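# after the sequence you'll find the predicted model.
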Amino acid sequence: MNVDGKKYRTIWLAADGASVEIIDQTKFPYAFEIAKLHTMEDAAHAIRVMQVRGAPLIGATAAYGVALAMRADPSDASLDAACSALLQTRPTAVNLYWALDRARKTLIQVAPEGRADAAFVLANDICDEDIAINMAIGMHGMDIITAIARTKREGEPVNILTHCNAGWLATVDWGTATAPVYMAHDSGIQVHVWVDETRPRNQGAFLTAWELGHHGVPHTVIADNAGGHLMQHGEVDMVITGTDRTTATGDVCNKIGTYLKALAARDCDLPFYVALPSPTIDFSLSDGIREIPIEERSGTEVSRMTGRTDSGAIETINIVADGSPVGNPAFDVTPARLVTGLITERGVLGANRQSLAEAFPERVRVSA
Ligand SMILES: CSC[C@@H](O)[C@@H](O)C(=O)COP(=O)(O)O
């Protein structure tokens, strides 16, 4: 997407052809900075500390991480070591496993002397595919927004609530949940986005607000707890979130607090959509609540807050009573029964085994 008139992806091969550049997302919303990854360890670090984050971008970064490892040492042992080191970086988004599995299966068939080049081609393909997938998600999701827009009075926007950042910063470009929003906005449909996930990491306030603002999409940041109230008062027309892992049965795992939005949407009889690229589907799982590993992150993300003071300094403060233990589960699972539809690159699907299997038969066979 455009940042101050210049087109960016979130990750790309640097001009030197040997390193990889990323937008450093730990600097948002105060600075737009590019960081360089020279080694597989740099890529693993970038995923671990969330310089890059969001399920599709984690997968793309892992693929580049393998390529950097192959440039340093293209042996079988190095390939295995790189895949297993990168797999340890974050547990919940299945795109990480998907990208590494694809990289390993592809590269093991290539002679070591050709592996680095093949690995960079593969990483680049994964990035290009992610963009194409998100554009298709955008087109399918835009149809839903268009239908709601037709029910609105002149000048009234379609109000969309999204949680966390499933925007272009979470992918290579366009985003998943935001792709329909950007496409609707670009085609002249009036949209307004309620932006939340203000805690624990402020991904909505820091990232989604930043990217919507830079694209000129009208939006309002709200506290996480405000969503249900706005739904009860007719201020929300639909919810669209992303997902880090979706089971074969349509259960959806996404940033903590997504489940509560889905419950409120159901109580208010509002559509709750989840936008996802097919690499986010884990066809090996059937029960999201029991089977999806949930990342437990540092309690300091809850007990501290970082922000910019009026004088421009970035400071971190403590906000929890001294001595109180703090828990920080980073994701939750929304059961399929609460999901109105899954917006995928192959259309809007029912959140159930049959719809997913019919839309992606080649994936079912591979994981069966
Ligand atoms: C298109 S991204 C979907 C999800 O990855 C996104 O909603 C999310 O939960 C990101 O969590 P994060 O912890 O920032 O990696």
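On my side now, so go ahead.
# and residue 35, which of the three is it?
With DSSP: H, G, I helix; E, B strand; the rest coil as the basis, the three-state label of residue 35 is strand.
# how close does it get to the ligand?
17 Å (CB to the nearest ligand atom, to the nearest Å). Backbone N, C-alpha and C define where each C-beta goes, glycine included.
# please report the distance of that residue from residue 265.
Using CB to CB, to the nearest Å, residue 35 is found at 37 Å from residue 265.
# what do you get for residue 141?
Counting by CB to CB, the gap from residue 141 to residue 265 is 16 Å.
# just residue 303 next, same as before
Going from residue 303 to residue 265 by CB to CB gives 30 Å.
# looking at the two, which is more packed in?
A side-by-side neighbour count of residue 303 and residue 265, using other CB atoms under 10 Å, places residue 265 first with 24 against 18.
# you'd agree the more buried one is in a helix?
Yes: assessed with three-state DSSP, residue 265 lies in a helix.
# contact partners for it?
Shown in contact with residue 265 (CB atoms under 8 Å, 6 or more residues apart in numbering): 231, 236, 239, 271, 272, 338.
# tell me the one of the residues you listed nearest the ligand?
residue 239 (12.3 Å; CB to the nearest ligand atom).
# let's test this: mean pLDDT of the helix or strand encompassing that closest one, rounded?
Assigning secondary structure by DSSP states H and E places residue 239 in strand 238-241. On average, the pLDDT along strand 238-241 is 98.
# name the residue of this structure that lies nearest to the ligand.
Of all residues in the chain, the one sitting closest to the ligand is residue 242 (2.7 Å; CB to the nearest ligand atom).
# correct me, but that residue touches residue 275?
Yes: the criterion here is CB atoms under 8 Å, and residue 242 meets it with residue 275 at 6.0 Å.
# what sits in contact with each of these two?
Common neighbours of residue 242 and residue 275, counting by CB under 8 Å, 6+ apart, are 166, 176, 177.
# most neighbours among the residues you listed, which one?
Tallying neighbours with other CB under 10 Å puts residue 166 at the head of the shared contacts of residue 242 and residue 275, with 34 neighbours.
# show me what contacts that residue?
Residues near residue 166 by CB under 8 Å, 6+ apart: 54, 175, 176, 177, 178, 240, 241, 242, 243, 254, 275.
# spatially, which two of those are the most separated?
Maximum pairwise distance among the contacts of residue 166 (CB to CB): 14.7 Å, between 54 and 240.
# returning to that earlier point: please enumerate residues in contact with the strand holding residue 239?
141, 144-145, 148, 158-164, 166, 177, 180-181, 252, 254-255, 258, 261-262, 265, 270-275, 343.
# if we can go back for a sec, in CSV, list the shared contacts of residue 242 and residue 275 along with secondary structure, distance to the ligand and pLDDT.
Output for the shared contacts of residue 242 and residue 275, formatted as CSV (DSSP: H, G, I helix; E, B strand; the rest coil; distance: CB to the nearest ligand atom, whole Å; pLDDT from 0 to 100):
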residue, secondary structure, distance to the ligand, pLDDT
166, coil, 4, 98
176, coil, 4, 98
177, coil, 7, 98
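# turn those residues into TSV, including distance to residue 68.
What follows is those, written out as TSV (distance: CB to CB, whole Å):
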residue	distance to residue 68
166	27
176	26
177	30
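# tell me which helix or strand of the chain sits lowest on mean pLDDT?
The helix or strand of the chain with the lowest confidence, counting by mean pLDDT, DSSP states H and E, is helix 361-367 at a mean of 82.
# export only the CA atoms of it, formatted as CSV.
Coordinates of each C-alpha in helix 361-367 appear next as CSV, following Å, rounded to 0.1, in the frame of the first residue of the first chain:
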residue,chain,number,x,y,z
PRO,A,361,-10.0,-30.3,-1.8
GLU,A,362,-6.3,-30.4,-2.6
ARG,A,363,-5.5,-29.3,1.0
VAL,A,364,-7.7,-31.9,2.6
ARG,A,365,-6.0,-34.7,0.7
VAL,A,366,-2.5,-33.5,1.7
SER,A,367,-3.3,-33.3,5.4
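# how about it: buried residues?
When burial is assessed from 16 or more other CB atoms under 10 Å, helix 361-367 yields the following buried residues: 363, 364.
# same for it, what does it pack against?
Judged by 3 or more CB pairs under 8 Å, 6 or more residues apart in numbering; DSSP states H and E, helix 361-367 has no packing partners among the helices and strands.
# point out the residues in the stretch 101-250 of the chain that sit beside the ligand.
Within the stretch 101-250 of the chain, the residues that sit near the ligand (CB under 6 Å from any ligand atom) are 164, 165, 166, 170, 171, 176, 203, 242, 243, 244.
# would JSON lines of the residues you listed with distance to residue 11 be doable?
Below are these laid out as JSON lines (distance: CB to CB, whole Å):
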{"residue": "164", "distance to residue 11": "19"}
{"residue": "165", "distance to residue 11": "15"}
{"residue": "166", "distance to residue 11": "17"}
{"residue": "170", "distance to residue 11": "12"}
{"residue": "171", "distance to residue 11": "10"}
{"residue": "176", "distance to residue 11": "16"}
{"residue": "203", "distance to residue 11": "18"}
{"residue": "242", "distance to residue 11": "17"}
{"residue": "243", "distance to residue 11": "20"}
{"residue": "244", "distance to residue 11": "18"}
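# cool, thanks, signing off.
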